[in-house]
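Visitor: Sequence and predicted model, in that order:
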Amino acid sequence: MVKIRQIVVGGVAVVAAGLFAVTLAQAADVSGAKSKGIGPTVKIHRGEQCVEPTEDMRRNHMKYILHQRDKTMHQGIRTAKHSFKNCVDCHADPKTNSVQGQDGFCSSCHEYASVKIDCFSCHTDKRDKNAVAVAPFKGTAAKGAPP
Amino acid sequence: MSLNRREFIGIGGAAVAGMALAPGLRLIDLAQARSPDETVTSLKRWGLLIDIDKCQDCNVCVTACHEENGVVGHGRPATDPQWIRKVTIKDKQTGYVQTLPLMCQHCESPPCVDVCPTGASFKRADGIVLVDKHICIGCRYCMMACPYKARSFVHEDTTDQKPHAPRGKGTVESCTLCVHRVDAGKIPACVEACTQDGNQAMVFGDLKDRNSDVSKNLASGLSVQLRPDLNLNTGVRYRGI
Amino acid sequence: MAQAHFDTIEGRGPGFYLLLAILGAFIVAGVLAALYMEHNGHWVTGMSNQIVWGTPHVFAVFLIVAASGALNVASIASVFGRQLYKPLTRLSGLLSITLLAGGLIVLVLDLGRPDRLIEAMTYYNFKSIFALNIILYVGFFAVVAVYLWMMMERRMNDYTKPVGMFAFIWRLTLTTGTGSIFGFLVARDAYDTAVLAPMFIIMSFSYGLAIFMVVLMAAMRWTGRELGDAVFGRLRNLLGVFVAAVLYFVVVHHLTNLYITQRHGIEGFILLHGGQFTQMFWIGQIILGSVIPLVILFSRLGKSRAMVMLASLLVTMGGVAQMYVTIIGGQAYPMPLVPGKEASSSFFDGVVASYAPSLPEIGLGLGGIALALAMTVVALKVLPFLPKSLSDADADPHFKAEPAKSEPAAA
């Protein structure tokens, strides 16, 4: 019994210590980033509004993409609104035609948040030059909206 | 428009209505296809008839496919992907030589779908066999199972893919019957090329629509499946073997 | 009978750390090989669109088959009530876990997308024998872990038999699944036969016991523990029977194919003119892996521990050779497209695919074996898996003081 208790206590202690260390590391990372003024460089190049409200997109864009992904793949539904291709067509940098790269719309934020994107191992990160992106356009290029 | 068509598909008497409306509807189909928000249904089954007697020493179907889908090689034949290839068959007794284009046969009972552990290899309701690369783990069991060697493994990093044809290292890929074109009401790139620049050996269409070109053509003469012993009911049929 | 006594190995001497260092070097090489393959893509290996499963699969499938077979010794004790095997049960369970872990690591690291392992755990196609195997493999760890607990916790000893029975059925199912990965491949002449499932089971008996004997003899010798003639002789004869049984299945498999005209092509390829595969079959699998071990095990040579060690190692290597012929040879032979017609194309239709194992593939495969052995070595130090003594007096309940002259006949 004593042994089991020791093991349990020991295990909890190890896990707790690990969590603490991770938390510390994250805190250090965030504060460090802020003090140096480094953050994601989110630039909006086309339109004023995304297909959904910006707050919603920040939080849920992957859910929309994932949902659409399965519908397109398996059911052949190819509506443009939440399609991955539409994201890229709209958000690609006009200079590089890409959402990747140093200031890329996707990569800059994902790098900042340390979230790996798996999309571009198969999908192109380049805009389809002939594409007509579907978004509720209300104007032309609005400049760098900070997060 | 789309609402009407949806109702039409959903209603049980679709077959009867289809008979009555078939000629007119088919024109609309070819011009506009399914609307993008409609689910594919098993009321259609896409297929091909390839007339080997017309297929000559020409490669336009292969070139068109690989151009359309951004399939590029690295000068390493053993590992470079091929979605469609020209195969030469020579009779062992008589020496008679023919050529045929070979790609995914879009089986009704595809062995690749049976063996895939994650369900990444799947058949769409309209009969098109695809790889869902999002859940493909690259185990290559489907390549072991396919009797036609229709699938390729992406052996290296890919860049500059076509937006409509994602392809990436570590996953398996094959002919999609140009599903992006079919969904937009167009015919596959290989068929288009064969018709325009080749020898008019390929006919594409809905195998379940008796009035489609491919069905009429199939009904009017001999045709065979490859590896008929496996009883896979392939969506691609050949004439003249 | 006397309770079998187990003890941890001391594991302090230079020999122990040297062994771990050697195994560790192979593991590091395996990890580097996997990273190299994943970083560059599979084109840097010997694999291609023709040979899609290469040397890593040879080692992985070998280890997985051997893992289920290694559990056999425990099953003989728990399920079939043979007391003589009782001191061997813990090592048997341990090896089955470590070998399976080694094999699965190799299998996973050879995937195109090993980072997507979670997909394999969350999306299931239950018609796929591969998907069922994932469940069987993961379940095997749990079942054998519980089995070991029943064996090692005195209060739980009463449950050893039912749990052992369950583990036995589980491992038979698992090996059936592994054999069926190939047995269910309808398109290829080399596979597509139900005989592969029982054949893989008997192969598992043979490979598993061979590895078990190598590890047992080495561990007992290096820790200065006695391995008596009773246990040694019984294991040796059992291995001989298993090797002969595998040979029988191989003969039946090939005779069946030779009767089917459609399969003359693949048989001619493997048996006569398949180049490296024919050599691997006759020299590796048959002569080195079966005939020589049988001669050693069933002749006077079998009295020598060194010769039996050699025989066990040969059976192990023969097993790898058999996997090579089965997996890679089976893919190298072209599939028929149209009966009566020769096919040719720029995609290697109608020709024998060439394959040469690349260094990273071999490194990954050996890394898997090293990992399995290293885990075994460490486990032996941490928990009492190894019997204190297997001397005749300790191991054999019927042992009488006078020296046993005659060996028991083949089981």
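Guide: Received, thanks. These figures come from a predicted structure and were not determined experimentally.
Visitor: The strand or helix carrying residue C:205 packs against which elements?
Guide: Using DSSP states H and E, residue C:205 sits within helix C:196-222. If you count contacts as 3 or more CB pairs under 8 Å, 6 or more residues apart in numbering or on different chains; DSSP states H and E, helix C:196-222 packs onto helix C:55-70, helix C:72-78, helix C:89-109, helix C:160-183, helix C:229-259, helix C:305-323, helix C:359-382. (C-beta placed from N, C-alpha, C; glycine too.)
Visitor: quick one: the longest one to helix C:305-323, angle?
Guide: Think helix C:229-259. Put simply, helix C:229-259 runs at 30 degrees to helix C:305-323, going by axes from the mean of the first three to the mean of the last three CA atoms, to 10 degrees.
Visitor: Mind listing what's buried along helix C:229-259?
Guide: Across helix C:229-259, burial judged by 16 or more other CB atoms under 10 Å in any protein chain shown covers C:229-247, C:249-250, C:253-254, C:257.
Visitor: related to what we said a few turns ago, quick check: buried residues in the helix holding residue C:205?
Guide: Result for helix C:196-222 [16+ other CB under 10 Å]: buried residues C:196-217, C:219-220.
Visitor: before we move on, what about stretch C:34-47?
Guide: Within stretch C:34-47, the residues that count as buried by 16+ other CB under 10 Å are C:34, C:36-38, C:41-47.
Visitor: Next, the residues that contact it from outside, please.
Guide: The contact list for stretch C:34-47 (CB atoms under 8 Å, 6 or more residues apart in numbering or on different chains) reads B:74, B:76, B:79, B:153-157, B:169-170, C:53-55, C:109-110, C:112, C:114, C:355-358, C:360-361, C:364, C:367.
Visitor: dump the residue contacts of residue 67.
Guide: Reading this off chain A. Contacts of residue A:67 (CB under 8 Å, 6+ apart): residue A:82.
Visitor: Switch to chain C, please.
Guide: C:95-100, C:103, C:140, C:204, C:208.
Visitor: quick revisit: could you single out the nearest of the buried residues of stretch C:34-47 to residue A:57?
Guide: Relative to residue A:57, the closest of the buried residues of stretch C:34-47 is residue C:38; by CB to CB it sits at 32.7 Å.
Visitor: circling back: of the contacts of stretch C:34-47, just the buried ones, ChimeraX syntax please.
Guide: To isolate the buried ones among the contacts of stretch C:34-47 in ChimeraX, judged by 16+ other CB under 10 Å, type:
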select /B:79,153,154,155,156,169,170 /C:53,54,55,109,110,112,114,355,357,358,360,361,364,367
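Visitor: Give me the three-state assignment for the closest residue to residue C:366 other than its chain neighbours.
Guide: Distances taken as CB to CB, 6 or more residues apart in numbering or on different chains place residue C:26 nearest to residue C:366, at 5.3 Å, with adjacent residues excluded. Recorded secondary structure, residue C:26: helix (DSSP: H, G, I helix; E, B strand; the rest coil).
Visitor: How is residue B:133 assigned, secondary-structure-wise?
Guide: Under three-state DSSP, residue B:133 falls in the coil class.
Visitor: pretty sure it contacts residue B:170?
Guide: No. Counting by CB atoms under 8 Å, residue B:133 stays clear of residue B:170, with 9.3 Å between them.
Visitor: For the helix holding residue C:205, give the mean pLDDT please.
Guide: The pLDDT scores in helix C:196-222 average 97.
Visitor: dump the residue contacts of the closest residue to residue C:378 other than its chain neighbours.
Guide: Leaving aside its chain neighbours, residue C:378 sits nearest to residue C:20 (7.6 Å; criterion: CB to CB, 6+ apart). Contact partners of residue C:20, counting by CB under 8 Å, 6+ apart, are C:374, C:377-378.
Visitor: which element is residue C:20 on?
Guide: Per DSSP H and E, residue C:20 falls inside helix C:14-40.
Visitor: What residues of that helix count as buried?
Guide: For helix C:14-40, a neighbour-count test (16+ other CB under 10 Å) marks C:16, C:19-20, C:23, C:26-27, C:29-31, C:33-34, C:36-38 as buried.
Visitor: Looking at these, which is nearest chain A?
Guide: Closest to chain A out of the buried residues of helix C:14-40 is residue C:38 (11.8 Å), distances taken as CB to the nearest CB.
Visitor: Show the model's pLDDT score for that closest one.
Guide: Per the predicted model, pLDDT is 95 at residue C:38.
Visitor: how close does whichever residue of chain A sits closest to chain C get to residue C:113?
Guide: In chain A, the residue that lies nearest chain C is residue A:118 (8.1 Å; CB to the nearest CB). Applying CB to CB, to the nearest Å, the value for residue A:118 to residue C:113 is 9 Å.
Visitor: between the two, who's got more neighbours?
Guide: Between residue A:118 and residue C:113, residue C:113 has the larger neighbour count (other CB atoms under 10 Å in any protein chain shown), namely 21 against 12.
Visitor: ok, now which ones touch that one?
Guide: B:136-138, B:170-171.
Visitor: And residue A:84, by the same measure?
Guide: A:65, A:68-69, A:119, A:123.
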